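Novice: Model the structure of this input:
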Amino acid sequence: MPEVETAPAAGEQKAAAPTRYFLRFTREQRYLHGVLFTTFLGLAATGLPLRFSGSFWARTFAAAVGGFGAILFFHKLCALVLTLAFLIHVKDLFTRAFMNGEKGIFWGPTSMVANWKDAKDLAAHMRWMVGLGPKPQFERYAYWEKFDYWAVFWGMVVIGFSGYAMWFAPFFAHFLPGWALNAVLVIHSEEGLLAILFIFSIHFVNTHLRPDSFPIDMVVFTGMESEEEFKHKRPLEYERLAAEGKLEARLGSEPPDWQRNFARVVGFTAVFIGLLLLVFTLTAYFD
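Specialist: You can find the predicted model right below:
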């Protein structure tokens, strides 16, 4: 006689499948991001007192660290480290695109370059926010992540060049007119202020303070995200990798507790410092 399956005994439960985790950011990408946000916080914390040197908090900070000369020294040090990180990133892009032939860097679903889908996602997202349509489905990078990336890229070029032009003014004076050297001071100050306002308000909200990630998105610190999170935030990427048979290649291990706790401490500290600097900026700007 065929065997008959019996129901589980009372109190006996089917073991739940373990949560799977997928790699989103490599160790090198996380380290580079760590250098990026650490040096940016350093540039903001030293640049704002120079920009608003007459403010009470700027004078207090200067007195605590040894004067505005010391602040300028640390500002330049952070600029050098950030420039090195930027050049490493550009070199990595060049190598992957032109040496390794990774064409997806410039177009396709894994590219940070904006495309027509991003424009449609933006419009659909606006409609969803006011209840006029469904929420759009995103690929590896959403439109606001691409905007954040290119805002930083633009800022590195404009703010970086203007900063070095001021730092090494005698050298740049050989091929720049006097009015241009005066202009770089204004450009560096205003573009730097714009970058600070953008990162500490728009970027922080988009990355950490929106409902999907509140109170902090730890994936950029741990590099891993759960399968549930992967499906929810980037369903099109999940479906594409599954259809291409590449999903299993992204499997990783669950981040250990120490890494999660470290990510929380670092993340909350960075957000707190950023929001505090944002408050100082607004109070000084409208004073």
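Novice: Please name the nearest non-neighbouring residue to residue 88.
Specialist: residue 32 (6.9 Å; CB to CB, 6 or more residues apart in numbering). Any C-beta I mention is one placed from the backbone N, CA and C, and that applies to glycine too.
Novice: contacts for the helix or strand harbouring the one you found?
Specialist: Using DSSP states H and E, residue 32 maps to helix 27-51. The contact list for helix 27-51 (CB atoms under 8 Å, 6 or more residues apart in numbering) reads 25, 55, 57-58, 61-62, 68, 71-72, 74-75, 77-79, 81-82, 85, 88-89, 152, 189, 192-193, 195-196, 199-200, 220-223, 266, 270, 273-274, 277, 280-281, 284.
Novice: For residue 158, see how far away residue 233 is.
Specialist: 31 Å (CB to CB, to the nearest Å).
Novice: cool, and residue 64?
Specialist: Remark: distance between residue 64 and residue 158 (CB to CB) = 31 Å.
Novice: what about the two, which has more around it?
Specialist: residue 158 (17 against 9; other CB atoms under 10 Å).
Novice: That one contacts residue 191, correct?
Specialist: Yes: Residue 158 sits in contact with residue 191 when judged by CB atoms under 8 Å, with a separation of 5.2 Å.
Novice: quick one, what contacts residue 144?
Specialist: Neighbour list for residue 144: residue 206 [criterion: CB under 8 Å, 6+ apart].
Novice: Equivalent analysis for residue 208, please.
Specialist: 214, 215, 216, 217, 267, 271.
Novice: So the first one: helix, strand or coil?
Specialist: Spelled out, that is residue 214. Following DSSP: H, G, I helix; E, B strand; the rest coil, we place residue 214 in the coil state.
Novice: what does the fourth one give?
Specialist: Secondary structure of residue 217, reduced to three states by three-state DSSP: coil.
Novice: any idea of the pLDDT on it?
Specialist: Listed pLDDT for residue 217 reads 86.
Novice: residues near it, how many?
Specialist: 19.
Novice: My guess is it contacts residue 206. True?
Specialist: No: taking contacts as CB under 8 Å, residue 217 lies outside contact range of residue 206: 9.6 Å.
Novice: phi, psi of residue 80?
Specialist: Recorded main-chain torsions at residue 80 are phi -60, psi -40, according to degrees, to the nearest 10.
Novice: Would you mind measuring from it to residue 197?
Specialist: Distance of residue 80 to residue 197, given as CB to CB: 24 Å.
Novice: next one: residue 265
Specialist: Distance from residue 265 to residue 197, by CB to CB: 26 Å.
Novice: now swap in residue 139 and tell me
Specialist: 29 Å.
Novice: Can you pick out the residue with more neighbours from those two?
Specialist: Neighbours were counted for residue 139 and for residue 197 using other CB under 10 Å; residue 139 has more, 20 against 14.
Novice: Please report the distance of that one from residue 233.
Specialist: On the measure of CB to CB, residue 139 and residue 233 end up 11 Å apart.
Novice: so what's the backbone phi/psi at residue 52?
Specialist: Dihedral angles (degrees, to the nearest 10) for residue 52: phi -120, psi 60.
Novice: okay, the residue nearest to it when sequence neighbours are not counted: pLDDT?
Specialist: Of all residues beyond its chain neighbours, the one nearest residue 52 is residue 284 (3.8 Å), with distances taken as CB to CB, 6+ apart. pLDDT recorded at residue 284 is 82.
Novice: do the one 3 residues further on as well
Specialist: Note for residue 287: predicted pLDDT of 70.
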